[in-house]
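Visitor: Attaching a predicted model along with its sequence, questions to come.
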Amino acid sequence: MNQVNTPAEAYWNHRQLLADLRPELDQLRKAVDWPGDLGPSQWAQIFVMTYDFKPDLIIELGRGYGNSTCCFLKAIEQMGGKEACRLESLCLNNGFQKRTRPQVEKIVSNDFFEPGDYKICNILEQDFKAMIGEARRVLVFWDAHGFEIAECALGGIMPHLQNREHRVLMHDMTDTRYNDCSREYGDLGLWKGENAVDTDYFIGHINTKVGQALSITDFANRNNMPFFSVEESLHEFYTDAPEKLVEMERLVGQDYFTMWGHWFWYTMSLAKTTKMTFPRFGNKAVVVDEAPVHTEEDTLAKVPMPASGLPSKEQESVAAPKSVWSKMNPFRKVS
Ligand SMILES: C[S@@+](CC[C@H](N)C(=O)[O-])C[C@H]1O[C@@H](n2cnc3c(N)ncnc32)[C@H](O)[C@@H]1O
């Protein structure tokens, strides 16, 4: 089996590069100007994890205003540019093209954006087999939320990665073993499937506001696969090596080096199973989780779904009332 470096090892291995690139990373983050989606130390952690793994393909699920996009492009630049790695950046949103890219273009080289394909698209409708193609080392950044995306990632992408080197980085989850998370409900009700709103939930040692934490916990348990937090690697690495901690803070700086990350990661190569199991994705039977009026249910069940699981315009108009489709519509709670 190939060596699997943890985020803490990647941080340590590439601390000098990170220190050297600080001014450029500062400039990039300033140009993106959307720190709420990815803070400085998360930029640093994702940069070193990518640079350390040396993927030849990065699939970015959810670009938003493009923090992760620019972080990956910076790592690719350091790895040798478009000959070394391509970036498939997928998002419903055009905010990166409209708002971020013109700002970033002012401070980067002409070929900075060349490794990327910045698709404005629905992740649920992509042909991942074709997208992955002959790639040998694939890094997936999973930062679009909810159960539909989770089914796509676990059932539509993972089967194509199981026999090649890969890393999957999942944003928006905190490891409660290493962080003080408020456990008070306060004024909030239960988390009921929303994504990235005020309500959160605790599952095992994960605290999160996004649905995919449930899906990955289920997937990891079924496949006897470890699911790691960035924090656990940092605490394991630095607790017995305080001199390294001091060195990191001195060299990299306290903003780019923190023991906090708010993301998890895995590779299926560490699953202790002889055969991975994956959820079905695409061409699926229609399952409505709340019984509609009988005649509507009959109509709905007879209408074949497109491969993406989304209704086409024609199906939407003939098959079911809006209330039924809206329950199934993955656009309804995106952040
Ligand atoms: C949290 S933001 C991503 C932030 C980004 N990774 C960053 O670092 O700045 C999540 C993005 O996922 C996108 N998204 C949600 N559902 C999607 C879908 N079905 N297809 C494509 N993009 C989707 C949203 O439009 C949103 O821009």
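Guide: All right, it came through fine.

Visitor: and the gap between the closest residue to residue 272 other than its chain neighbours and residue 6?
Guide: Spatially, and ignoring its direct neighbours in sequence, residue 272 is nearest to residue 224 (4.4 Å; Cβ to Cβ, 6 or more residues apart in numbering). Heads up, the C-betas are built off the backbone N, CA and C, glycines and all. In this view, residue 224 and residue 6 are 19 Å apart by Cβ to Cβ, to the nearest Å.

Visitor: quick one: contacts for the residue nearest the centre of the chain?
Guide: The chain has residue 142 as the residue nearest its centroid, 1.3 Å off, counting by Cα atoms, centre = their mean. Residue 142 sits next to 61-62, 149, 153, 168-171, 212 when contact means Cβ atoms under 8 Å, 6 or more residues apart in numbering.

Visitor: ranges for the helices of the stretch 51-200 of the chain?
Guide: For the stretch 51-200 of the chain, the helices defined by DSSP state H, counting those that start in this stretch cover 67-79, 95, 101-105, 128-132, 147-151, 158-161.

Visitor: Nearest to the ligand, out of those helices?
Guide: helix 67-79 (3.4 Å; Cβ to the nearest ligand atom).

Visitor: Stretch 258-273 near the ligand anywhere?
Guide: No: applying Cβ under 6 Å from any ligand atom, one finds stretch 258-273 out of contact with the ligand, separated by at least 10.6 Å.

Visitor: Convert the C-alpha atoms of that stretch to PDB, please.
Guide: Extracted in PDB, the C-alpha atoms of stretch 258-273 (Å, rounded to 0.1, in the frame of the first residue of the first chain):
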ATOM      1  CA  THR A 258      -3.900  26.300  13.700                       C
ATOM      2  CA  MET A 259      -4.800  23.100  15.500                       C
ATOM      3  CA  TRP A 260      -8.400  23.700  14.200                       C
ATOM      4  CA  GLY A 261      -9.600  22.700  10.700                       C
ATOM      5  CA  HIS A 262     -13.300  22.000  10.600                       C
ATOM      6  CA  TRP A 263     -12.900  19.300   7.900                       C
ATOM      7  CA  PHE A 264     -12.500  15.600   7.700                       C
ATOM      8  CA  TRP A 265     -10.900  13.300   5.100                       C
ATOM      9  CA  TYR A 266     -10.700   9.600   4.000                       C
ATOM     10  CA  THR A 267      -9.300   7.200   1.500                       C
ATOM     11  CA  MET A 268     -11.000   4.000   0.700                       C
ATOM     12  CA  SER A 269      -7.600   2.300   0.600                       C
ATOM     13  CA  LEU A 270      -7.700   2.200   4.400                       C
ATOM     14  CA  ALA A 271     -11.100   0.400   4.500                       C
ATOM     15  CA  LYS A 272     -10.900  -3.000   6.200                       C
ATOM     16  CA  THR A 273     -13.200  -4.800   3.900                       C
END
